[in-house]
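Visitor: Sharing a sequence plus its predicted fold:
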Amino acid sequence: MGNTKKTALYEIHKKLGAKIVEFAGFYMPVFYTSIIEEHRKVRSSVGVFDVSHMGEIEIYGEKALEFTQKITVNDPEKLEVGQVQYSAMCYPDGGIVDDLLVYRFKDKFMLVVNAANTDKDYQWILDNKIDDVEIKNISDKITLLAIQGPKSRDTLQKLTSINLSEIKYYWFKEGKLADIDMIISRTGYTGELGFELYISPENSERLWNKIFEAGKEYDIAPVGLGARDTLRLEKKYALYGNDIDKTTNPLEAGLGWIVKLDKKDFIGKDALLKIKSNGIKRKLIGFITEGNTFPRKGYNIFKNNTIIGKVTSGTFSPSISKGIGLGYVDIAYSKIGEKIFIEIRKQKIKAEIVKTPFV
Amino acid sequence: MEVPNDLLYTREHEWALVEDDTVTVGITDYAQSELGDVVFVELPNVGDPTTQNEAFGTIEAVKTVAELYAPVSGEITDINTKLEDQPELINKDPYGEGWMIKIKFSDKSELEDLLKPEEYKNLIKKD
């Protein structure tokens, strides 16, 4: 852990009394006061996340589009300048390298990747590089703040002359906010109205303070990775390393909608076509448990006395005050309404497969 | 992190308050801050036996679950039923309203195995 990095806002997190843990090579805040309070803040008002650990990789050059097509499963050609796309990179066997966001600029594409995967992704991209593209890993040169919640727009609007209502979901603008140059992106990982701001690290503290001043009337609060996880899980957003990884493919993960099998060649296409025509064997489902013990990653999922899968993510849901979880189950038992059991410390807890998102 | 001087501690972060032949047991301030929001505690019943260093219950936080370990062997004489509806008392007042169980101990010498406040302070410093 000798090389654990700090984000530009590390001292602020410490000063705020955050509980800090090592995550994906960074010292990150898990919570400041309480995961539940922070979770509810984002659902009801507005919260701020430092997610500077995320990676950013830029693709320049004449063939930047062609190359982005090759390495991602969605279709970046459909993007206009100023638009964002959720996508993934796959291995030739259809397993997932990472899930990511693709930003289209006039002169480049920017891929925003999971912190734990930044080095791996960068290497993967270099290994598959074609002529006439230039790749830059700019992860250390970016502070990324996520401002999320129904009051996020009202908060940020006070700080900029850009009309934030004109930025549609999964679009972005470049401009000034709090007098700082940035990318203002209408994206997030919470399922709420929200924005993600990409800035240069030297402006981090100034921006943080301005946002908290602006959000004071909405009782704005800092939010840690703990609530980030419960918020995303309630919306069934996949988390790499839990719900998706190199042993899972996007089709069984419920991400078929981002896989454009009718586009030209891309890495993993042949395998995914085959998987599709053979039919998936298992599926990522969401379930709710009964009682007061909660599902956690790695627990077995049962139908009667047979193991049909494993929990990939699980938590107490602060919104519905029940146990919720995701897991892959045999396709035969993957229907909504299916009664299943989760094995929690040698007990079999009743659970039911439900429609997602949970909230 | 608060470590009261009048308590004894386990290496698993429970505290024990000794009064006559009974100990009151809860988890430490350090433990609650590591766990985060407690959402459920599963406690034994009055009359159940406990064995030193063995689990007597479980504690569910939002993101994790942990076992609770008995500081001494004996018999449960009381449980904090308030925790059923207000598990958050463990976060708010771990040494007070967040207490969990009382054990009438069967072997007084077991108390010598527990950590003194200074020793416990050293333990959590290393963590």
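Guide: Done, it's in. Everything numeric here is computed off the predicted structure, so don't read it as measured data. Numbering: from 1, shown residues only, chains lettered A, B, ... in the order given.
Visitor: Can you tell me what sits against the strand or helix carrying A:G314?
Guide: Per DSSP states H and E: A:G314 is located in strand A:306-317. Strand A:306-317 is contacted from outside by A:229-230, A:233-234, A:239, A:242-243, A:282, A:284, A:294-302, A:322-330, A:332-333, A:340, A:342, A:358-359, B:39-40, B:60-63, using CB atoms under 8 Å, 6 or more residues apart in numbering or on different chains. All C-beta atoms are positioned from the backbone trio N, CA, C, and that covers glycine.
Visitor: Drop anything exposed from these.
Guide: A:229-230, A:233-234, A:239, A:242-243, A:282, A:284, A:294-297, A:299, A:301-302, A:323-329, A:333, A:340, A:342, A:358, B:39-40, B:60-63 (16 or more other CB atoms under 10 Å in any protein chain shown).
Visitor: residues in contact with the residue of chain B at minimum distance from chain A?
Guide: At 4.1 Å from chain A, B:F40 is the closest residue in chain B, using CB to the nearest CB. By CB under 8 Å, 6+ apart, the residues touching B:F40 are A:292-294, A:316, B:59-60, B:87.
Visitor: Helix, strand or coil: sort out A:E213 for me.
Guide: Secondary structure, DSSP: H, G, I helix; E, B strand; the rest coil: A:E213 is helix.
Visitor: The one helix or strand A:V30 maps to and chain B in contact?
Guide: Following DSSP H and E, the helix or strand that holds A:V30 is strand A:26-31. Yes: Strand A:26-31 reaches chain B (CB under 8 Å from any CB of the partner chain) through A:30-31.
Visitor: Name the next helix or strand downstream of that strand, please.
Guide: Next helix or strand after strand A:26-31 toward the C-terminus (DSSP H and E): helix A:35-44.
Visitor: Toward the C-terminus, what is the element adjacent to that following helix?
Guide: Sequence-wise, the next helix or strand downstream of helix A:35-44 (DSSP H and E) is strand A:47-50.
Visitor: can you list contacts of that following strand?
Guide: Residues contacting strand A:47-50 (CB under 8 Å, 6+ apart): A:7, A:9, A:13, A:28-29, A:38, A:41, A:143-149, A:208, A:211-212, A:215, A:220-225, A:227-228.
Visitor: Low-confidence ranges, the stretch 251-359 of chain A, go.
Guide: Within the stretch 251-359 of chain A, not a single segment meets pLDDT under 70.
Visitor: So which residues of it form helices?
Guide: Secondary structure of the stretch 251-359 of chain A (DSSP state H, counting those that start in this stretch): helices at A:269-278.
Visitor: Near chain B, which residues of it are found?
Guide: So far as CB under 8 Å from any CB goes, the stretch 251-359 of chain A lies against chain B at A:292-294, A:296, A:315-316, A:318, A:321, A:345.
Visitor: what's the most distant pair in the residues you listed?
Guide: A:P318 and A:R345 (22.5 Å; CB to CB).
Visitor: More neighbours: which of these two?
Guide: Using other CB atoms under 10 Å in any protein chain shown, the more surrounded residue of A:P318 and A:R345 is A:P318, with 23 against 13.
Visitor: surely B:K116 meets B:D6?
Guide: No: under the criterion of CB atoms under 8 Å, B:K116 is not in contact with B:D6, lying 10.9 Å apart.
Visitor: which of the residues in stretch A:57-72 are buried?
Guide: So stretch A:57-72, judged by 16+ other CB under 10 Å, has buried residues A:57-61, A:63-65, A:67-72.
Visitor: List the residues that contact residue 10.
Guide: In the absence of a named chain, this looks at chain A. A:20, A:27.
Visitor: meant chain B actually
Guide: Applying CB under 8 Å, 6+ apart to B:T10 gives the contacts B:16, B:53, B:69, B:71, B:114-115.
Visitor: So what's the residue count around residue 37?
Guide: Looking at chain A here, since you left the chain open. A:E37, neighbours per other CB under 10 Å, totals 16.
Visitor: oops, chain B please
Guide: Burial of B:D37 is recorded as 25 neighbouring residues (other CB under 10 Å).
Visitor: can you tell me how far it sits from A:D229?
Guide: 13 Å (CB to CB, to the nearest Å).
Visitor: Now for B:P117: which residues touch it?
Guide: B:3-5, B:7, B:9.
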